[in-house]
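>>> next come a sequence and a model predicted from it.
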Amino acid sequence: MEQQPAVVFTTRESKVLAEEIAKHLDLPLGNINFQTFSDGEYQPTFEESVRGKRVFIIGSTMPPADNLMEMLLLCDAAKRASADKITVVIPYFGWARQDRKDKPRVPIGAKMVANILTSAGATRVMTMDLHADQIQGFFEIPVDHLYASTIFVDYIKELNLKNLTFASPDMGGAKRARNYAKHLDADVVICYKERAKANQVGYMDLIGNVEGKNVVLIDDMIDTAGTITQAADLLKERGALSVRAFATHAILSGKACERIENSQMEELVVTNTIPLKCSISKIKVLTCAPLFAEVMNLVHNKKSISSKFLI
């Protein structure tokens with residue numbers, strides 16, 4: 001039987017990225033009619049048949065919760081319209097920091113989101129740089145977990161930095177920084193931090209020597225920018241020649257943009273998994289659209305995606 005063509009849809013907040021992905025796929029972005037009711041509820045309708053087709057639904061699930069709700073409604077609509085396969089493409093998987101029960105009487109939000117996506121009809125998940133790798137195991141369906149290192153490595157090489165050293169802004173990201181250092185034959189240092197409370201660093205120290213080094217901080221996300229800017233200041237105090245930061249997901253809440261602008265970082269490099277909330281000269285955005293488009297095409301044609309993993 002001839003394979004049905006894929007169709008691509010998007011949630012409203014991820015439309016710019018989805019249009020870019022669709023362009024790389026040489027496919028039109030499917031039309032969705034969103035009807036909004038007076039109480040704020042909304043109902044999406046696919047404006048074309050999806051019966052028997054593979055449906056890709058693109059949408060990051062950052063707050064507000066409407067972004068997740070839109071994704072769930074679209075999955076349910078595709079399931080009830082007899083789509084053959086429903087692949088949810090979630091460039092930024094929100095709620096991922098709630099990946100374990102670290103104190104009494106708290107939810108494991110990432111697991112709950114995995115459950116409801118599957119219940120809504122998702123048959124495959126495609127995402128990038130999950131906050132914790134083990135979240136893949138929260139799903140009982142295939143998960144294609146991409147890494148922004150595939151995008152960042154070429155840019156870091158173009159910088160041609162001498163005495164390159166990679167740094168993790170905390171112990172949790174040590175493995176990520178070590179992988180970059182190993183791939184590019186560079187040194188690695190780690191910032192040790194203790195939080196005073198959520199989104200506030202109480203204490204930070206450096207493990208390793210950065211004197212005379214050009215340092216690249218690596219992280220999966222930048223939220224309030226408190227940790228990364230404090231780490232940049234510490235690295236400069238300890239003698240680093242320059243400090244740059246690379247973070248996959250630019251959440252940029254609270255005073256993040258102000259902190260970045262006033263920090264000692266030369267540059268912050270992010271991807272466009274989340275629409276950028278501010279435009280300042282220190283932030284450079286690298287697109288993840290070609291990578292997602294290539295992997296979506298390979299998955300649809302039942303081919304291996306292993307060549308897309310550098311680190």
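Ah, there it is.
>>> how about residue 234, what does it touch?
In this structure, residue 234 makes contact with 191, 204, 205, 206, judged by CB atoms under 8 Å, 6 or more residues apart in numbering. Glycine gets a C-beta too; all of them are placed from N, C-alpha and C.
>>> could you measure from the first one over to residue 203?
To tie it back to what came earlier, the one meant is residue 191. Separation of residue 191 from residue 203 (CB to CB, to the nearest Å) stands at 11 Å.
>>> need the contact list for residue 283.
250, 260, 267, 268, 269, 270, 276.
>>> could you redo the last one with a cut-off of 6 Å?
residue 268 (CB atoms under 6 Å, 6 or more residues apart in numbering).
>>> could you do residue 233 as well?
With contact taken as CB under 6 Å, 6+ apart, residue 233 is in contact with residue 264.
>>> and it, how far is that from residue 264?
As judged by CB to CB, residue 233 and residue 264 stand 6 Å apart.
>>> and for residue 158?
As for residue 158, its distance to residue 264 is 22 Å (criterion: CB to CB).
>>> please enumerate the helices of this structure.
Using DSSP state H, the helices of the chain run over residues 15-25, 66-80, 109-120, 149-159, 174-183, 226-237, 256-262, 289-300.
>>> what's the end-to-end length of stretch 185-205?
Terminal residues of stretch 185-205 are spaced 24 Å apart (CA to CA, to the nearest Å).
>>> follow-up on the earlier one: output the contacts of residue 234 in TSV; the columns should cover neighbour count and distance to residue 77.
As requested, the contacts of residue 234 are exported to TSV (neighbours: other CB atoms under 10 Å; distance: CB to CB, whole Å):
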residue	neighbour count	distance to residue 77
191	26	45
204	17	47
205	11	51
206	17	51
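>>> return the set of buried residues in stretch 83-98.
Neighbour counts over stretch 83-98 (16 or more other CB atoms under 10 Å) mark 83, 85-96, 98 as buried.
>>> do stretch 243-254 as well
For stretch 243-254, using 16+ other CB under 10 Å, the buried residues are 243, 244, 245, 246, 247, 248, 249, 250, 251, 252.
>>> tell me where the stretch 1-150 of the chain has strands.
Along the stretch 1-150 of the chain, the segments classed as strands by DSSP state E, counting those that start in this stretch run 7-10, 32-36, 42-46, 54-58, 85-90, 124-128, 143-146.
>>> could you export the ones you listed as a markdown table, including distance to residue 79 and mean pLDDT?
Shown next, in a markdown table, are the strands of the stretch 1-150 of the chain (distance: least, CB to CB, whole Å; pLDDT from 0 to 100):
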| stretch | distance to residue 79 | mean pLDDT |
| --- | --- | --- |
| strand 7-10 | 13 | 98 |
| strand 32-36 | 15 | 97 |
| strand 42-46 | 12 | 97 |
| strand 54-58 | 9 | 98 |
| strand 85-90 | 6 | 98 |
| strand 124-128 | 13 | 98 |
| strand 143-146 | 19 | 97 |
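>>> got these as a markdown table, with distance to residue 187 columns?
Output for those, formatted as a markdown table (distance: least, CB to CB, whole Å):
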| stretch | distance to residue 187 |
| --- | --- |
| strand 7-10 | 41 |
| strand 32-36 | 49 |
| strand 42-46 | 50 |
| strand 54-58 | 38 |
| strand 85-90 | 34 |
| strand 124-128 | 26 |
| strand 143-146 | 27 |
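>>> right, I'll leave it there.
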